[in-house]
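Undergrad: got a predicted model here, sequence first, then my questions.
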Amino acid sequence: MKTCAVLIASRTRHDRLLRTIESIVNTSSPDNVEIVLRLDGDDFLTLTALSRYYTVSPNMRTLVGPRKNGYSSLAEFYTEM
């Protein structure tokens, strides 16, 4: 089967991000979905909250980079992912 990649760039909205990841994991097969996250290196709360999901979804990768210009850097984040 084909794999679908879900690209998510997030900052300081760990509650929404966790609900999104839960929804993706609960409604799809791990073999069909890859979750790629892009987070800012200074967003410690989100990084800590995500630690429990590394065992839930083996197809989840997190890219951590420097904080940039918010939404104006979104296209750059998607290219990076």
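TA: In hand now; what should we look at? Numbers count the residues shown, from 1 in each chain.
Undergrad: the residue positioned nearest the centre of the chain pairs with what?
TA: With distances taken as CA atoms, centre = their mean, residue 37 lies nearest the centre of the chain, 2.5 Å away. Beta bridges link residue 37 to residue 8, residue 62 when assigned by DSSP bridges.
Undergrad: quick one: contacts for it?
TA: For residue 37, the contacting residues are 8, 9, 10, 17, 50, 60, 61, 62, 63, 81, by CB atoms under 8 Å, 6 or more residues apart in numbering. C-beta: built from backbone N, CA, C; applies to glycine.
Undergrad: close enough to count as contact, the second one and residue 78?
TA: Yes - taking contact to mean CB atoms under 8 Å, the distance of 6.9 Å between residue 9 and residue 78 places them in contact.
Undergrad: which neighbours do the two share?
TA: Joint contacts of residue 9 and residue 78 (CB under 8 Å, 6+ apart) are residue 38.
Undergrad: for these two, indicate the residue with more neighbours.
TA: residue 9 (21 against 13; other CB atoms under 10 Å).
Undergrad: please spell out which residues along the longest helix anywhere in the chain are buried.
TA: Longest helix in the chain, counting residues (DSSP state H): helix 14-27. Using 16 or more other CB atoms under 10 Å as the test for burial, helix 14-27 gives 14, 17, 18, 20, 21, 24, 25.
Undergrad: phi and psi next, for residue 30.
TA: Dihedral pair for residue 30: phi -60, psi -30, per degrees, to the nearest 10.
Undergrad: shouldn't residue 76 be in contact with residue 68?
TA: Yes - Residue 76 is within contact range of residue 68, at 6.9 Å (criterion: CB under 8 Å).
Undergrad: endpoints of stretch 28-45, how far apart?
TA: Terminal residues of stretch 28-45 are spaced 26 Å apart (CA to CA, to the nearest Å).
Undergrad: give the buried residues for that stretch.
TA: 33, 34, 35, 36, 37, 38, 39, 40, 43.
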